[in-house]
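Asks: Just to be clear, the model below is a prediction. Sequence and coordinates:
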Protein chains: 2
Amino acid sequence: MPARPLRADAARNRAKILQTAEAVFAELGTSASTEEIARRAGVGIGTVFRHFPTKESLLEAVLAELVRGLAEEADALLAADDPEAAFFTFFTGVVQRSTAKNAVMQALAAAGVATATDSDTAGRLRAALATLLERAQHAGAVRADIGVREVMALLVAASRAVEEAPMSLEVITSGLRPA
Amino acid sequence: MPARPLRADAARNRAKILQTAEAVFAELGTSASTEEIARRAGVGIGTVFRHFPTKESLLEAVLAELVRGLAEEADALLAADDPEAAFFTFFTGVVQRSTAKNAVMQALAAAGVATATDSDTAGRLRAALATLLERAQHAGAVRADIGVREVMALLVAASRAVEEAPMSLEVITSGLRPA
DNA sequence: TAGGATCCGGAGTAATGACTCCGATTAATC
DNA sequence: GATTAATCGGAGTCATTACTCCGGATCCTA
């Protein structure tokens, strides 16, 4: 993306910071200090702020990474044969894997997804999810009166609830099925 | 509760602070500053800290108030005839009324309810909710494989999801019904 | 209504956290 | 290996907050 490619050490640090930030935000919440992230990443604070001039921009970058992962997953499932399995695999998969990522998921919800992430990726996720949903609805596996918006809200809700009571996921997915 | 009753102005201020704090936490999140609360309540910062020596203690007090309200509501519904209506009235009522209180609800969930509140009130809520749930389950209106823990987790989850997508409440309550 | 106990207000303190700056360091190029 | 431009590290700045302290205001009692 930048006109000149990053120097080797710069690229290494940038990746390390991003990866560490994701872990720290997940563990300590989005209010974790930038210094903590720098320490764990093994770099100076200055380095963090050169790559991400603002704490918010760092959060956005982490979010973008997350959304990209989700989008890839959804894309992959578009090829599946069984629309019901595809949809519910995505749903439960995301929820179960996000057990530790709730702080970020929360920020994701608050930011409305689209605004915080580069809209290409967010759009891809949204589009893939929309297709998964439509197919599942068409196959009669998911109630017809909800949209992508509801599914995303319920994804976030389920992710949190599952931490408190794992059975919640079952309740929510069962609620997604036609009455 | 205190050996000596509070002076009139002290009692007035205490109540005003509690009430203001609930509103501010709901509007700005639990990270809202104590000064903001003091300003809106029309008292000095010192006054806030005399009544609640710690910000955390203030949050706990607000939480206790909230839980007390919920407990009363649940108690009131114990007298109802129709177990199904009683349970779902409580559930949807709490969710819809909590639209603005999510920050506190969240803290409530994080604190595990029982720890943060004086356990009497929390216990009362828990007991009343347990009864509502059991009766509804006995009447075949709610799936039998969940407990109070799940219901509370889903209450919080639904409260958040409803803000993003109102239809989510429908999905979750429908998931609570037997398969 | 006077006296004393209680309570109030808000300037001040200490700690924390986001962000800046620049001398030291390192990677790319010859 | 020498040069230079990009990058790094972390001490320092500024703003924000939770919390303290005490002179003055307010309430209760006799």
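Replies: Yep, it's here.
Asks: residues contacting residue A:58?
Replies: A:17, A:21, A:34, A:37, A:48, A:52 (CB atoms under 8 Å, 6 or more residues apart in numbering or on different chains). The way it works is simple: take the backbone N, C-alpha and C, and place the C-beta from them, glycine included.
Asks: what are the C-alpha coordinates of stretch A:45-54, in CSV please?
Replies: Taking Å, rounded to 0.1, in the frame of the first residue of the first chain, the C-alpha atoms of stretch A:45-54 are listed here in CSV:
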residue,chain,number,x,y,z
ILE,A,45,6.4,3.1,22.7
GLY,A,46,7.6,5.4,20.0
THR,A,47,7.6,2.5,17.6
VAL,A,48,4.0,1.7,18.2
PHE,A,49,3.0,5.3,17.7
ARG,A,50,5.0,5.6,14.4
HIS,A,51,3.1,2.6,12.9
PHE,A,52,-0.2,3.6,14.4
PRO,A,53,-0.3,7.3,15.1
THR,A,54,-3.3,6.9,17.4
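Asks: and the host helix or strand of residue A:26, anywhere near chain B?
Replies: Using DSSP states H and E, residue A:26 sits within helix A:8-28. No: figure legend: helix A:8-28 not in contact with chain B (CB under 8 Å from any CB of the partner chain); closest approach 13.0 Å.
Asks: Send over that helix as CSV, restricted to the C-alpha atoms.
Replies: Extracted in CSV, the C-alpha atoms of helix A:8-28 (Å, rounded to 0.1, in the frame of the first residue of the first chain):
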residue,chain,number,x,y,z
ALA,A,8,12.5,-5.3,7.0
ASP,A,9,12.7,-4.4,10.7
ALA,A,10,9.7,-2.0,10.3
ALA,A,11,7.6,-4.7,8.7
ARG,A,12,8.5,-7.2,11.4
ASN,A,13,7.7,-4.8,14.2
ARG,A,14,4.4,-3.7,12.6
ALA,A,15,3.3,-7.3,12.4
LYS,A,16,4.4,-8.1,15.9
ILE,A,17,2.6,-5.1,17.3
LEU,A,18,-0.6,-5.9,15.5
GLN,A,19,-0.5,-9.5,16.7
THR,A,20,0.4,-8.5,20.3
ALA,A,21,-2.3,-5.8,20.4
GLU,A,22,-5.0,-8.3,19.4
ALA,A,23,-3.9,-10.5,22.3
VAL,A,24,-3.7,-7.7,24.8
PHE,A,25,-7.0,-6.1,23.8
ALA,A,26,-8.6,-9.5,24.1
GLU,A,27,-7.1,-10.2,27.5
LEU,A,28,-7.3,-6.7,29.1
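Asks: Now do the same for the residue in chain A that DNA strand D sits nearest to: helix, strand or coil?
Replies: Nearest residue of chain A to DNA strand D (CB to the nearest atom of the strand) works out as residue A:46 at 1.6 Å. On the three-state scheme (DSSP: H, G, I helix; E, B strand; the rest coil), residue A:46 is labelled helix.
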